[in-house]
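In: dropping a prediction and its sequence here:
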Amino acid sequence: VDRITSATLRAMKRRREPIVSLTCYDAAFCHLLEQAGVDVLLVGDSLGMVLQGQPSTVAVSLEHMVYHTACVSRVGKRALVLADMPFLSYATAERALQAAERLMAEGGAGMVKLEGGAAVLQTVGLLTRFGVPVCGHLGLLPQSVHQIGGYRYQGRDDAGAARIRADALALQEAGASLLVLECVPAELAAALSAELEIPVIGIGAGSGTDGQVLVLHDMLGLTPGRSPRFSRNFMADADSVSQAVAAYVAEVRSRAFPGPEQTLA
Ligand code: KIV
Ligand code: NA
């Protein structure tokens with residue numbers, strides 16, 4: 001089977017075939033998620049919270065990201081391995097090139113993701129000019145949690161929505177080939193997905209995007225305490241982890257997930 005690339009994802013968008021993504025941090029889950037047909041394995045810096053017990057993604061280092069990306073890509077065969085660029089690893093052009101080099105050459109990533117709009121446009125242009133496929137990330141930016149002061153929905157007023165739209169168009173123009181929209185109103189996410197040529201993968205962004213992503217441990221009910229309202233515990237109605245992941249894949253493909261309970265209008 002051929003590897004999924006940005007071209008595959010763009011063709012899926014044109015066919016209106018939902019893109020299925022989950023976070024993945026190791027070889028065991030890479031096997032299981034690929035078996036279930038997940039298209040994009042996101043080695044997210046959410047591993048700081050999920051695996052390391054950190055309060056945010058800020059403590060995650062490039063070293064950590066390279067390690068987990070390699071754990072996934074070593075055994076992956078079909079899915080696109082999308083690796084997060086960690087906090088401040090893309091704050092200068094030099095750091096960004098170095099980080100992308102390590103994530104792709106050592107980690108085996110097929111694409112890298114970085115958070116933000118206007119601030120990262122030059123970097124996105126630089127990376128894509130040198131052959132690094134880039135995924136943008138707008139809406140809630142977890143790496144900026146100390147600045148935002150919490151994890152909450154973004155783009156709920158006209159000015160906020162307009163800023164996200166302008167950033168999204170500029171990222172596409174700069175060369176990004178994919179966009180993650182996190183915690184934005186469903187209406188805004190659907191409108192942007194229709195307007196952009198590049199695929200949009202949503203998390204807490206309603207069912208009108210070109211694809212969905214969740215944090216694996218949230219959807220398996222393994223996150224202690226309260227999971228985000230936009231997530232769902234797929235283990236609640238499943239007999240095995242494989243069955244839970246298969247249910248998620250099927251519900252994203254049929255657009256049954258996210259439903260009204262997981263959606264902010
Ligand atoms: O790190 C992560 O898991 C992410 C998703 C929430 C999109 O960036
Ligand atoms: Na992330």
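Out: Sure thing, it's come through. These figures come from a predicted structure and were not determined experimentally. Residues are numbered from 1 along each chain as shown. Ligands and ions are numbered 1, 2, ... in the order given.
In: what sits against the residue of the chain found nearest ligand 1?
Out: Here the residue of the chain nearest ligand 1 is Gly44; by C-beta to the nearest ligand atom that distance is 2.3 Å. (C-beta placed from N, C-alpha, C; glycine too.) Applying C-beta atoms under 8 Å, 6 or more residues apart in numbering to Gly44 gives the contacts Thr23, Tyr25, Asp84, Val215.
In: now, among those residues, which is nearest to Ser227?
Out: Val215 (8.4 Å; C-beta to C-beta).
In: number of nearby residues for the closest one?
Out: Residues within reach of Val215, counting by other C-beta atoms under 10 Å, total 21.
In: one more: Leu181?
Out: 28.
In: and it, what does it touch?
Out: Leu138, Gly139, Ile164, Ala168, Ala189, Leu192, Val200, Ile201, Gly202, Ile203, Ala205, Thr209.
In: so who does the second one touch?
Out: Applying C-beta under 8 Å, 6+ apart, we find Gly139 in contact with Tyr153, Gln154, Gly155, Ile164, Leu181, Glu182, Cys183, Val184, Gly204, Ala205.
In: so the last one touches Ala186, yeah?
Out: Which is Ala205. Yes - using C-beta atoms under 8 Å, Ala205 is in contact with Ala186, at 6.5 Å.
In: and the residue of the stretch 51-200 of the chain that's closest to ligand 2?
Out: The stretch 51-200 of the chain approaches ligand 2 most closely through Asp84 (4.4 Å), counting by C-beta to the ion.
In: what ranges do the strands span in this protein?
Out: Secondary structure of the chain (DSSP state E): strands located at 19-23, 40-43, 80-84, 111-113, 134-139, 178-182, 200-203, 211-214.
In: what residues of stretch 43-55 count as buried?
Out: Val43, Gly44, Asp45, Ser46, Leu47, Gly48, Met49, Val50 (16 or more other C-beta atoms under 10 Å).
In: most widely separated two among those residues?
Out: So, those by C-beta to C-beta: farthest apart are Val43 and Met49, at 13.9 Å.
In: biggest helix in the protein by residues?
Out: helix 158-174 (DSSP state H).
In: list the buried ones in that one?
Out: Buried-residue list, helix 158-174, by 16+ other C-beta under 10 Å: Gly160, Ala161, Arg163, Ile164, Arg165, Asp167, Ala168, Ala170, Leu171, Gln172, Ala174.
In: swap in stretch 110-124?
Out: Gly110, Met111, Val112, Lys113, Leu114, Glu115, Gly116, Gly117, Val120, Leu121, Thr123, Val124.
In: show me these that map onto helices.
Out: Filtering the buried residues of stretch 110-124 for helices - DSSP H - leaves Leu121, Thr123, Val124.
In: if we take these, which one ends up nearest to Gln262?
Out: Val124 (29.6 Å).
In: looking at it, the closest one is touching Cys135, isn't it?
Out: No - applying C-beta under 8 Å, one finds Val124 not in contact with Cys135, separated by 9.6 Å.
In: mutual contacts of these two, please.
Out: Leu114, Ala176.
In: need the contact list for His68.
Out: His68 touches Tyr25, Asp26, Val43, Leu47, Leu51, counting by C-beta under 8 Å, 6+ apart.
In: repeat that with 6 Å
Out: Tyr25, Val43, Leu47 (C-beta atoms under 6 Å, 6 or more residues apart in numbering).
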